[in-house]
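> Sequence plus the predicted model coming up.
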Amino acid sequence: MLHIVVCIKQVPDSREIRIDPKNNTLIRQGVPSIVNFYDKHGLEEALRIKDEQGARVTVVTMGPPPAEKGLKECISLGADEAVLVTDRGFGGADTLATSYVIGETIKKVEEHWGTVDMVFCGKQTLDGDTGQVGPGVACRLDLEQLTYVSKVVEVNEEKRTVMVHRLLEDGVEVVETNMPVLLTALKELNAVRRATLPNMLRAARYKPTVWTTADFPNIERDKIGLKGSPTIVSRTWVPDIRKINCTMITGETPEKIAEHISDKLWEEDVPKKLGWTS
Amino acid sequence: MSAEEIEDQMPDWSAFRGVLIFIEQRGGIAKKVSWQLLGEGRKLADKLEVPLMAVVMGDDVRHLAQEAIAYGAEQSYLCEAPELKQYRTRPYSRVILKIIEEVKPEIVLFGATATGRDLAGAVATHLPTGLTADTTELDVEPHPSRLLLASRPAFSEKMMATILCKKYRPQMATARAGVFEAIPKDETRAGEIIHIENEMNESEIAARVVDFFEESHSINLEEAEIIVAGGRGLGGAEPFALLKDLADVLGGVVGASRAAVDAGWIKHEHQVGQTGFTVRPKLYIAVGISGAVQHTVGMSGSEIVVAINKDESAPIFQFAQYGIVGDLMKIIPAITEEIRKRKEFLGIQIPNTESTEAIESA
Ligand SMILES: Cc1cc2nc3c(=O)[nH]c(=O)nc-3n(C[C@H](O)[C@H](O)[C@H](O)COP(=O)(O)OP(=O)(O)OC[C@H]3O[C@@H](n4cnc5c(N)ncnc54)[C@H](O)[C@@H]3O)c2cc1C
Ligand SMILES: Cc1cc2nc3c(=O)[nH]c(=O)nc-3n(C[C@H](O)[C@H](O)[C@H](O)COP(=O)(O)OP(=O)(O)OC[C@H]3O[C@@H](n4cnc5c(N)ncnc54)[C@H](O)[C@@H]3O)c2cc1C
């Protein structure tokens, strides 16, 4: 049976984050945490594969203890097991350090629940928003890597191949590769299901496996957390909000308005910028 | 760890010099972002007084190595092989790792495109080194630190953050398309083309590109110079045909708010905003869009914004140079007609398009 790991991250709902105008800092208080929504599409795809051909689905996250809530949500959707990797020592990780710990976690997951055939990550998160952890984990575990997946065409357990659509800026690429493979999920991949009552009951009782640095005796200390992170956030600032004086275009009829706005576009040299005139 | 301690541990980077740019291409045509990165890379290299280098990979792409020189590179590293015809992570990262090992650049930049991110993420982890994502501002500190100051939007673009990579080399970043400016192409600029051997056989590469289709409706919002975008105010899929007419006569493409996409009136590939595309056209016409922050983060880099909304208090007007209060169903056809007339007067051909084509509902 296939074993699929889904990486999820509990993120602050960035829509709710406001800037404190007094000191230009983020107001995170009262900001709800949610499972990064691309990750939910990764989980959904794993569950679809499970529904169709049978699979074990293990969800992992690295984060502070409250991230357990997100793991339980994944159980309520149908994941089999969930692992929380949490420790102050892991804190402050950039994507290089994160991918190292997630890689080590997946190795440990393999010891517990069997060889991993597929790993799903989200395309990117709502907070860090780098999209670098997926390729990083693939590299750490020497997995084939298929990013920006909009459709899983086939998962062939026997031939150990996976064929997908990758949604790129200029079109769709159909690509096939071998397992083990890491995929990063787009929201186009699927529509996320709702939790079922039996799974919700299971989730209520479920205790995620919790691992700390003590559970990774061989982990290299200088590769984790702040110390293992080459990138440093040195400065943050709030960009000036563009202050624009909007010129209102009026006219008695739509035709007059059209004339006025066209005059403005001509004044702004739009035709020249478009190469209509020289 | 204190700042001093980090300082103390700063290794000697004098072996690492130069700025290296990855030139992304498909079918022998470079992505615009590649030339934009060369333009920005030129500034960084000049400031550091080091060479600007380009990496060109593919099959039959020698002309791009030359073009990179015309766009400002002093050296183009060229690796041509049938195995590199289509982008695949492993062979591409193998080549770029080899070049980085040989050349030892202090800065390596990739476009923040699907391919650029895929490749940069793999390469940075292999090296290993730090990788700053999706930068929109780049600068360098002068000698002796020579640090790359890579700045990027954070928290849904509400903040900017400057990211440094002090203890590792090269310093790597992906950079957004449309932010930086290419320098004018100059075919007379001289430079050197250095050939690199590809060492990965097809038999070692698991990934196979079976097919590629420019989705029949696929549009390229990120590179569009004119976007006519519609929102919930359109009330249905049909009025998008009016927007398409206007976009056609302007030579632009149709964009949309998430509300219009979620309603199923238009495909997601048209969506502008936080969960859609970030766009930087010369002209953005927002039609029946209220101007929610998740939308405006994706379009506020537009040069000129025209907003059309029946509600004069709609926040979108705060982002627009020109505002029209009124019913889009009447105003849009009138503008289309006016532009058509003016173009005819200028003797410019209006392309004959089927107006419903690119906007089939999702
Ligand atoms: C303002 C700011 C800017 C930053 N910029 C950078 C930067 O440019 N470069 C850099 O290296 N770091 C950066 N970081 C740090 C980065 O946000 C963290 O390392 C973060 O924990 C992982 O990156 P991400 O959220 O961008 O994940 P992404 O790479 O966007 O996540 C992709 C997928 O990886 C999986 N994943 C990510 N994190 C976890 C996790 N903890 N547990 C399980 N699965 C996970 C999920 O499936 C997720 O969908 C920045 C942090 C801040 C605060
Ligand atoms: C996590 C998250 C991510 C999101 N990402 C995005 C994103 O990427 N892009 C995005 O756009 N949104 C995004 N949103 C949604 C965003 O918050 C808004 O809901 C959305 O942008 C609203 O779309 P709208 O302006 O088309 O609709 P509305 O806010 O409903 O505005 C419709 C406007 O049309 C005007 N109107 C109505 N009829 C007419 C008429 N006949 N003529 C002229 N004007 C008329 C109205 O006055 C109104 O101002 C996101 C939301 C969340 C929670």
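Received the coordinates, thanks. Ligands and ions are numbered 1, 2, ... in the order given.
> which stretches of chain A have low pLDDT?
Within chain A, the stretches with pLDDT under 70 are A:15, A:240-243, A:278.
> where does it come near ligand 1, residue by residue?
Within chain A, the residues that sit near ligand 1 (Cβ under 6 Å from any ligand atom) are A:7-9, A:36, A:38-39, A:60-63, A:93-95, A:98, A:102, A:121-122, A:124-125, A:127-134, A:231, A:233. Using the backbone N, CA and C atoms, a C-beta is placed for each residue, glycine as well.
> Within reach of chain B, which of these are there?
A:94-95, A:127-132, A:134, A:231, A:233 (Cβ under 8 Å from any Cβ of the partner chain).
> Name only those of those that count as buried.
A:94-95, A:127-132, A:134, A:231 (16 or more other Cβ atoms under 10 Å in any protein chain shown).
> out of these, which are inside strands?
With DSSP state E as the criterion, strands contain A:T231 from among those.
> the helices in the chain, which residues?
Looking at chain A here, since you left the chain open. A:37-53, A:68-77, A:95-113, A:133-141, A:197-205, A:254-267, A:270-273 (DSSP state H).
> ah, no, chain B please
So, for chain B - with DSSP H - the helices run B:3-8, B:32-48, B:62-70, B:89-103, B:114-126, B:240-250, B:258-262, B:293-299, B:328-346.
> Tell me which of the ones you listed is the most buried.
When those are scored by mean count of other Cβ atoms under 10 Å in any protein chain shown, the highest mean neighbour count falls to helix B:114-126 (a mean of 26).
> what pLDDT, on average, does it get?
For helix B:114-126, mean pLDDT rounds to 98.
> Give me the angle between it and helix B:89-103.
60 degrees (axes from the mean of the first three to the mean of the last three Cα atoms, to 10 degrees).
> that older thread, columns distance to ligand 2 on top of the helices of chain B, output as CSV?
Below are those laid out as CSV (distance: least, Cβ to the nearest ligand atom, whole Å):
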stretch, distance to ligand 2
helix B:3-8, 36
helix B:32-48, 21
helix B:62-70, 33
helix B:89-103, 27
helix B:114-126, 17
helix B:240-250, 11
helix B:258-262, 3
helix B:293-299, 3
helix B:328-346, 4
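> out of those, which comes closest to chain A?
helix B:114-126 (2.9 Å; Cβ to the nearest Cβ).
> Tell me if the closest one is near chain A.
Yes. Using Cβ under 8 Å from any Cβ, helix B:114-126 comes into contact with chain A via B:114-115, B:117-118, B:120-122, B:124-126.
> what's the burial count for B:P51?
Look at B:P51: counted by other Cβ atoms under 10 Å in any protein chain shown, it has 17 neighbours.
> how far away is it from ligand 2?
40 Å (Cβ to the nearest ligand atom, to the nearest Å).
> Surely that residue and B:G41 touch.
No. B:P51 lies out of contact with B:G41 (Cβ atoms under 8 Å); the separation is 10.1 Å.
> Touching both of the two, which residues are there?
Both B:P51 and B:G41 are in contact with B:V19, where contact means Cβ atoms under 8 Å, 6 or more residues apart in numbering or on different chains.
> interface residues of the stretch 1-150 of chain A facing chain B?
Counting by Cβ under 8 Å from any Cβ, the residues of the stretch 1-150 of chain A near chain B are A:14-15, A:17-19, A:26, A:94-96, A:99, A:126-132, A:134-136, A:138-140, A:144-148.
> if you set the cut-off to 6 Å instead, what comes out?
A:14, A:17, A:19, A:96, A:99, A:130-132, A:135-136, A:139, A:144-145, A:147-148 (Cβ under 6 Å from any Cβ of the partner chain).
> what's the burial count for the one residue in the stretch 251-362 of chain B that gets nearest to ligand 2?
Residue nearest to ligand 2 within the stretch 251-362 of chain B (Cβ to the nearest ligand atom): B:G273, separated by 2.3 Å. The number of residues packed near B:G273 is 24, by other Cβ under 10 Å.
> how near is the residue nearest to A:R48 when sequence neighbours are not counted to ligand 2?
Closest residue to A:R48 apart from its sequence neighbours, by Cβ to Cβ, 6 or more residues apart in numbering or on different chains: A:N190 at 6.6 Å. A:N190 sits 18 Å away from ligand 2, going by Cβ to the nearest ligand atom.
> try A:L183
On the measure of Cβ to the nearest ligand atom, A:L183 and ligand 2 end up 22 Å apart.
> OK, contacts around A:I17?
Applying Cβ atoms under 6 Å, 6 or more residues apart in numbering or on different chains, we find A:I17 in contact with A:26, A:31, B:155.
> between the residues you listed, which is nearest B:I100?
Nearest to B:I100, judged by Cβ to Cβ, of the contacts of A:I17 is B:F155 at 31.6 Å.
> Would you mind confirming that the closest one makes contact with A:S14?
Yes. With contact defined as Cβ atoms under 6 Å, B:F155 reaches A:S14; the gap is 5.5 Å.
> Who does B:E137 form a beta bridge with?
Under DSSP bridges, the beta-bridge partners of B:E137 are B:S151.
> Show the model's pLDDT score for it.
At B:E137, pLDDT is 94.
> do the same with B:R152
At B:R152, pLDDT is 94.
> give me the number of residues near it?
B:R152 - counted by other Cβ under 10 Å - has 25 other residues nearby.
> Ok, A:I249 next?
Using other Cβ under 10 Å: A:I249 sits among 22 other residues.
> Which residues are in contact with it?
Contacts of A:I249 by Cβ under 6 Å, 6+ apart are A:257, A:260-261, B:322, B:324.
> All good on my end, thank you.
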